[in-house]
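Trainee: Give me a model of this one.
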Amino acid sequence: MNSSNASSGSKPMNVTVLGSGDAFATGGRSQSGYLVSAAGTCVLMDAGPDLLGSMKRKKLAPADLDVIAISHLHGDHYGGIPFLMLEYLYESRPDRTIHFVGPRNLESRCWRMMKLAYPRFNVGVIRPWLHFIEIEPHQEVRVGQARVSAIRSPHTETDISLSLKLRIAGRTIVYSGDSGWNEELVSFAEGADLFICECTYYESSQLTFHMNYPQLAANRSRFKVKRMLLSHLGREVLAHKRDLKMKLAFDGLKIKL
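Mentor: Now for the predicted structure:
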């Protein structure tokens, strides 16, 4: 820790990339998941379908999670929750309340997905340990040591998709979630110690619900962040990764802030 961090009272933060792939698990990468550990608090940002496998391969305990922040309700971002619930039912019963933070309909969609996956299981056993907080754009919630705020990302029309900001232990992480280009994201990310930004495509694209590398490269200087990491990487990006000038995430990457 440098002297400026020490004087501000910041404590070390560890970030582990559990999944850096797109919805297709391109290149064999797991889908979205980022584990943040600081000040005795463990926060998971997004929970792709391979969540349990990703955590257990890295010797990370699902029962240690305090907060699970979900950016939006697409399966590659919250499809791991039924397996997490299953883990809590049979393998590692929580000894604390686990807080789920995410967009509207998060709670109903999570329980519905669990019901579809395991219709005869008594989820009532674990309901008391799971607390859902549905957050609106431009709202902030405090959960223990963590503060989570959000803006809306231009990714879905009917459902609300969010870009998330996590503040904990004197550090700030901003996560774009899935998003088309969004001017508001520039100011939202300002000052972040780490900005995790989706980059699904390599070539310029007419698609408005995902970002591409030319957009991000052209605007990199506008993101006033200490570190920027590209993730949610699609086939085009991985095929050209030697040509990219910005840092790419990979499964298992560990960052100390």
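
Trainee: Distance-wise, check the residue positioned nearest the centre of the chain relative to R127.
Mentor: Geometric centre of the chain, nearest residue: M45, 2.9 Å, by Cα atoms, centre = their mean. In this structure, M45 and R127 are 23 Å apart, going by Cβ to Cβ, to the nearest Å. Where C-beta positions appear, they are placed from N, C-alpha and C, glycine not excepted.

Trainee: Who does the residue nearest to the centre of the chain form a beta bridge with?
Mentor: Y34, A69 (DSSP bridges).

Trainee: next one: H99
Mentor: V67, H131.

Trainee: mind checking the SS state of the nearest residue to P62 once chain neighbours are set aside?
Mentor: Nearest non-adjacent residue to P62, counting by Cβ to Cβ, 6 or more residues apart in numbering: E87, 5.0 Å away. Under DSSP: H, G, I helix; E, B strand; the rest coil, E87 falls in the helix class.

Trainee: ok now do G33, which residues does it touch?
Mentor: V17, L18, G19, L44, M45, D46, A47, G48, D50, L51, S54, G80 (Cβ atoms under 8 Å, 6 or more residues apart in numbering).

Trainee: at 7 Å what do you get?
Mentor: L18, G19, L44, D46, A47, G48, L51, S54 (Cβ atoms under 7 Å, 6 or more residues apart in numbering).

Trainee: out of the residues you listed, who's nearest K11?
Mentor: Among those, L44 lies closest to K11 (Cβ to Cβ), at 18.9 Å.

Trainee: wait, what's in contact with that closest one?
Mentor: G33, L35, L65, I68.

Trainee: Tell me the spacing between the third one and E91.
Mentor: This points to L65. Applying Cβ to Cβ to L65 and E91 gives a distance of 13 Å.

Trainee: out of the two, which sits in the more crowded spot?
Mentor: L65 (23 against 10; other Cβ atoms under 10 Å).

Trainee: That one contacts C42, correct?
Mentor: Yes: the criterion here is Cβ atoms under 7 Å, and L65 meets it with C42 at 5.3 Å.

Trainee: coming back round to it: just curious, which of the contacts of G33 is nearest to M246?
Mentor: For the contacts of G33, the residue nearest M246 by Cβ to Cβ is G19; the value is 18.9 Å.

Trainee: Next up, the contacts around the residue nearest to S20 when sequence neighbours are not counted.
Mentor: Leaving aside its sequence neighbours, S20 sits nearest to A249 (Cβ to Cβ, 6+ apart; 3.9 Å). Going by Cβ under 7 Å, 6+ apart, A249 touches V17, S20, L229, L230, S231.

Trainee: And L230, by the same measure?
Mentor: C197, C199, L216, M246, K247, L248, A249.

Trainee: Drop anything exposed from these.
Mentor: Neighbour-count burial (16 or more other Cβ atoms under 10 Å) is assigned, among the contacts of L230, to C197, C199, L216, A249.
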